[in-house]
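[1] my questions are about this predicted structure, shown below with the sequence.
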Amino acid sequence: MHIVVCIKQVPDSAQIRVHPVTNTIMRQGVPAIVNPYDLFALEEALKLKDKYGGRVTVLTMGPPMAEAALRKAISYGADDAVLVTDRAFAGSDTLATSCALASAITQIHKDMPVDLVFTGKQTIDGDTAQVGPGIAKRLNMQLLTYVSKVRSVDLENHEITVERRSEGGVQLLKTRTPSLITVLEGTNEMRFATMTNMFRASRYQIKIWNREQAGIEDVTSVGLKGSPTVVSKVFAPTPRAVKAEIIQCEGEDPKELSVTLLAKVFAKYPKLEKEIAKRAV
Amino acid sequence: MSEAPEVKKPMGKKRIELDDRLKAYKGVWVFVEHERGKIHPVSLELLGEGRKLADSLGVELAGVVMGEPGEVTRSFCQEAFTHGADLCYLMEDALMADYRNEPFTKGLTDLVNKYQPEILLLGATTLGRDLAGSVATTLKTGLTADCTELNVDLEARSLLATRPTFGGSLLCTIQTLNYRPQMATVRPRVMPMPEADTTRTGQIIEDTLGMFEKDIITKVLEFIPDAMQDKPQLPFADIIIAGGRGMKKPENFKLIWDLAAVLGAEVGGTRPVVQAGWLDLERQVGQSGKTVRPKLYIAAGISGAIQHRVGMDASDVIIAINSDPNAPIFDFAHYGIVGNAMTILPQLTEAFRAHLATARKAG
Amino acid sequence: MAEKFDVIVVGAGPSGNAAALRLAEAGLSVLQIERGESPGSKNVQGAILYSDALEKLIPDFRDDAPLERHVIEQRMWVLDDDSFVGSHYRSDSFNKEPYNRYTMIRAQFDKWFSERVQKAGALLICETTVSHLLLDGQRVIGVMTDRQGGEIYADAVILADGVNSLLAKKAGFHPEIKPKNVALAVKEIHFMPQELIEQRFGVKGDEGVVIEMVGKITKGMMGTGFLYTNRESITIGVGCMLSDFKNQKITPYELLEQMKAHPSIQPMLEGGEMKEYTAHLIPEGGFNAIPNLYGDGWMIVGDAGMFVNAVHREGSNLAMTTGMHAADTLIELKNEGEDFSAANLKRYKARLDESYVMKDLKKYKNMPDVFHTNPQFFNDYPDLISQAARTMLTVDGVDKKTKEKEIRKSFRQRRSLFGLMGDAFKLWRAFE
């Protein structure tokens, strides 16, 4: 069994701050991490490998420093890693990205047939959840999103059964491989890397492919040219005109403050008062 | 510690010259999502928004309903009309009783190719995201996800989709250039629910899916519904009490639950608190959690970082309790108390309890 | 199959990097194990880089090392509650290349240093903690990490794991750190536009200023404050003996807040925005607190060996120098075909004794005790000095001779004649 896991290196958005003076994003010093959602996909793939044997290849499209993310994946137990990097990819939106990744997967498939492609649900820097579905479409694979559990894989008959989270419940779906699965967060917990894999990750020679090696012939299908969407403006959210009215009182007694707060709020919002009174238990 | 990948530089308002072929694309469509006999509210919110866009552009608003044949499915068309649609494209087929990516993608792309809308909106739900990504890739068009605002540039007849970026620290406006339809998904509760006008009606245009079950590879073996009682319904709660890292310890959340109990409110929290396991994922409010629009939102020990803010700043009344007078939450809350949430919350609970008691007595 | 290396270096801070670099360059197989996410993630420093130590390791470091500003002016402030008496030293010779001291930001510096180490051929593994040393009798033969299959063997292990070296403690190489031998320091980095820094501190381009502060800001505790100018930010911090913090019941953070509010310091921070807050322990015990530094198959370098010259605020250079000497010792022994027994590793200590490291530490070995048992240096003297300055500098019609008499009287009243003489004697002895 051969599973390709698509991952992305992203800035740790929890630590991103806006520069107080220039109002731009402060990217310096923000650590780059593996998109946390992708780790669930990777762990799921590794679990399948534990169960059924086979290989896991991690794939990413990004700048040279994205190598670190691939090494991390190797340290968890992935067998191979491919970095697809090229200036031509600059400015890619999700459509262009899925084109590049689909092409790379096709190349990987030539060396060793791919049974499944796993991706995370979405990225923390893009949040679109579009690349997975995009890759599936281009590779003509069945798409299974929000998968919370892989029930079984039958490689001989090319079948896979999964649980998929939908509104109000869980669908039990069965489909043919090769298929693409986006894994729901929280489905598993990433294993603690073994020392052997840490060493392996440190020494591993990552395959680095440029556009041509990734099989992309039409340069207009990737990068800025291959992106239907463009960012026309980036701006800070407009601050609300009026800041909060800070409740204050002599001695800052919590009881006093609470009573004063309620009085003010209900005076200004009588409807709210009625709403709350309705709920009186 | 490395620098983040290069961000696309904004291009400014470009003069987008649309191909003649694409100029023929007219109309605003909203995919009407439904499940177990009920329309998902986000579709109605999108119809409200779609109505505004259609009016600006001077075109018609259409709903797209796909499902199994029957009265229930048809009734969704009627609901679409009462919420602002002029037309409704209806595709009925037994194959679409349950959602599956293949038939729905084919159905929707066939409709788009045939009737050529310029804008297609979907709710950013599990179904919506599954479907939108596939449809956009099939149509090779642009898709902007999780938009917080939709406007039109009338000059270019272009959709201006605004969404958070960089983890929510900033906003960006995205346009789809020389491609149609312009697709966008919007999360539930981001747009206001429009008023229903039961006098409204519209035209139903029917079409067929044209697929056979044997051709569809994915099969639905079973549907296991969630136990309804247990699930928190934050997006539709009228009062929410939320806690952040400033609550210091998971044990302190008892104070939040106490206040919520008195007010019949739902309990929510920020991402760090959910990630730490103090609250269920369903209770996460913010950019990567739920968007809420309650009448009252009380935020305790929450700094008000943008990632959380975008999930709740449409609340009618926001009260913030934080020990840091410079916390960003005081920039957009309506009322604030600077103090220790652990001492304030119990007093607030008492104050509400006392107030409700007198209100009850007053009858 | 467990891995084996010539040397394992535990820690990827300045001392570990110095050792690993030297060893790798000499062709030995080196594994460096760092418990943080990346080199530098667990390290905190003011920070000042002293070129001399680094030059001996990487002569061309100025080409691409991430350096903030080169220091052209040193200010020494003695503060009382609302004023300070200061002396400044600024020299054009400090402005001539090659520069002697730089301010730096450790996160970036450590990353750069580590890249050099890896390029030289050392293998680096992060996010891995060495839980204990592997022993064969008394001889160290490797390390055990917290990961499955975590045994790794080596002919020598260099402990470069910092001020709170649990490894050395566990192995019994040195006792539990005593609160009186470490200081707890806290610092903040404040964003500040370049032009503002240049204006406020009278510098241009890459020039920088260092302010060392002592006095009432440490509320009678033994400690010092500092302010460094970086390219687009300033670093402000304070550190006091851990034992003093324990007795005083003021938290380091509160101390820093009060210091920042000092009327002479607060204006320096105007226009800045707090970006980062960190805290760390700093070895302060000096010469008398240095543990055993070597044994069969092991050596200690850097903060783990308490190699900090508190008087001159030098630590990172001692770290690099000790790391270098440890490596050179092993290289020398390997070339001679000798093993890494304690008898042979004695050469490491000998090298240190010959170098400024031990010489300086020995010179100041009584300092910690002197200051610790004489709080008047942090309370009375700053008051007296400030008062004296105020008296002399206030033009109020009183003649200068009377003023001087007043000042002498205030000193004698506060400290008594015996006290004054005793203080002078103690200081002299401490510095001797």
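    All right, it came through fine. Residues are numbered from 1 along each chain as shown, chains lettered A, B, ... in the order given.
[2] residue C:200 contacts residue C:234, correct?
    No - using C-beta atoms under 8 Å, residue C:200 makes no contact with residue C:234, being 9.0 Å away. C-beta coordinates here come from the backbone N, C-alpha and C atoms, glycine included.
[3] which residues do the two both contact?
    Counting by C-beta atoms under 8 Å, 6 or more residues apart in numbering or on different chains, the residues touching both residue C:200 and residue C:234 are residue C:268.
[4] neighbour count for the two, which is higher?
    residue C:234 (24 against 18; other C-beta atoms under 10 Å in any protein chain shown).
[5] what pLDDT does the model give that one?
    As predicted, residue C:234 sits at a pLDDT of 94.
[6] which ones are touching it?
    Per C-beta under 8 Å, 6+ apart, neighbours of residue C:234: C:189-190, C:192, C:197, C:227-228, C:268-269, C:272.
[7] mind redoing it with 7 Å?
    Contacts for residue C:234 (C-beta atoms under 7 Å, 6 or more residues apart in numbering or on different chains) come out as C:190, C:192, C:197, C:227-228, C:272.
[8] follow the chain on from the strand or helix carrying residue C:329 and name the next helix or strand.
    Using DSSP states H and E, the element containing residue C:329 is helix C:316-336. As assigned by DSSP H and E, the chain's next helix or strand after helix C:316-336 is helix C:342-354.
[9] and the following helix or strand past that next one, what's buried?
    Note on helix C:342-354: by DSSP H and E, the next helix or strand toward the C-terminus is helix C:356-363. For helix C:356-363, burial by neighbour count (16 or more other C-beta atoms under 10 Å in any protein chain shown) applies to C:356-358, C:360-361, C:363.
[10] stretch C:196-211 too?
    Quick answer for stretch C:196-211 (16+ other C-beta under 10 Å): C:196-197, C:200-201, C:203, C:207-211.
[11] tell me the two of the residues you listed that are most distant?
    Spatial extent of the buried residues of stretch C:196-211 (C-beta to C-beta) is set by the pair C:196 and C:210 at 17.6 Å.
[12] I figured residue B:219 was touching residue A:176, is that so?
    No - proximity of residue B:219 to residue A:176 does not meet the contact threshold set by C-beta atoms under 7 Å, at 9.9 Å.
[13] pull the contacting residues for the closest residue in space to residue C:306 that isn't next to it in sequence.
    Nearest non-adjacent residue to residue C:306, counting by C-beta to C-beta, 6 or more residues apart in numbering or on different chains: residue C:283, 4.1 Å away. Residue C:283 sits next to C:163, C:181-182, C:289, C:303, C:306, C:308 when contact means C-beta under 7 Å, 6+ apart.
[14] and for residue C:184?
    Contacts of residue C:184 (C-beta under 7 Å, 6+ apart): C:239-240, C:242, C:245, C:252, C:279, C:281.
[15] those, buried ones only, as a PyMOL selection?
    Applying 16+ other C-beta under 10 Å to the contacts of residue C:184 leaves a buried subset, and the PyMOL line that selects it is:
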select buried, chain C and resi 239+240+242+245+252+281
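[16] turn the contacts of residue C:184 into CSV, including pLDDT and secondary structure.
    Formatted as CSV, the contacts of residue C:184 follow (pLDDT from 0 to 100; DSSP: H, G, I helix; E, B strand; the rest coil):
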residue, pLDDT, secondary structure
C:239, 90, strand
C:240, 89, strand
C:242, 87, helix
C:245, 86, helix
C:252, 86, helix
C:279, 87, strand
C:281, 88, strand
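[17] any chance of the contacts of residue C:184 in CSV, plus distance to residue B:38?
    Below are the contacts of residue C:184 laid out as CSV (distance: C-beta to C-beta, whole Å):
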residue, distance to residue B:38
C:239, 63
C:240, 65
C:242, 63
C:245, 62
C:252, 58
C:279, 54
C:281, 60
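[18] nearest to residue A:246 among the contacts of residue C:184?
    Nearest to residue A:246 out of the contacts of residue C:184 is residue C:252 (C-beta to C-beta; 29.1 Å).
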